[in-house]
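K.L.:
Build me a model from this:
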Amino acid sequence: MARDRKKLEDMNKRIAEGRQRVAEQEARIAELRRHGQSTEDASKLLNEIKQTLRLMQKHRDQLLRGK
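P.N.:
Here you go, the predicted structure:
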């Protein structure tokens, strides 16, 4: 039981960190736009970060259902 709680706590921490990364990357993209620079690579990275975040959330949901 404590082990499951620890897994869930760790997953929630990773999800919060992932959300922070999304916000930071969105800010970088906005900055690039303000300076008239290409956002193509930064946007691709943002999409990858978001996909990873969705997978982490899905994994957390599976952990919750397993209880």
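
K.L.:
where along this protein do the strands fall?
P.N.:
Assigned by DSSP state E, the chain shows no strands.

K.L.:
mind listing what's buried in the longest helix belonging to it?
P.N.:
Using DSSP state H, we find that the single longest helix of the chain is helix 2-34. Neighbour counts using 16 or more other Cβ atoms under 10 Å place 11, 14, 18, 21, 25, 29, 32 of helix 2-34 among the buried residues. Backbone N, C-alpha and C define where each C-beta goes, glycine included.

K.L.:
on contacts alone, who are the packing partners of it?
P.N.:
Applying 3 or more Cβ pairs under 8 Å, 6 or more residues apart in numbering; DSSP states H and E, one finds that helix 2-34 makes contact with helix 40-65.

K.L.:
Next, the buried residues of the helix it packs on.
P.N.:
42, 46, 49, 50, 53, 56, 57, 60.

K.L.:
average model confidence for that helix?
P.N.:
Mean pLDDT, computed over helix 40-65, is 95.

K.L.:
Look up the closest residue to the most centrally placed residue in the chain, ignoring the ones flanking it.
P.N.:
Nearest residue to the geometric centre of the chain (Cα atoms, centre = their mean): residue 18, 2.7 Å. Of all residues not flanking residue 18 in the chain, residue 53 sits nearest, at 4.0 Å (Cβ to Cβ, 6 or more residues apart in numbering).

K.L.:
Identify the farthest-apart pair in the buried residues of helix 40-65.
P.N.:
42 and 60 (26.7 Å; Cβ to Cβ).

K.L.:
before we move on, back to that, so what's the residue nearest to residue 18 up against?
P.N.:
15, 18, 19, 21, 22 (Cβ atoms under 8 Å, 6 or more residues apart in numbering).
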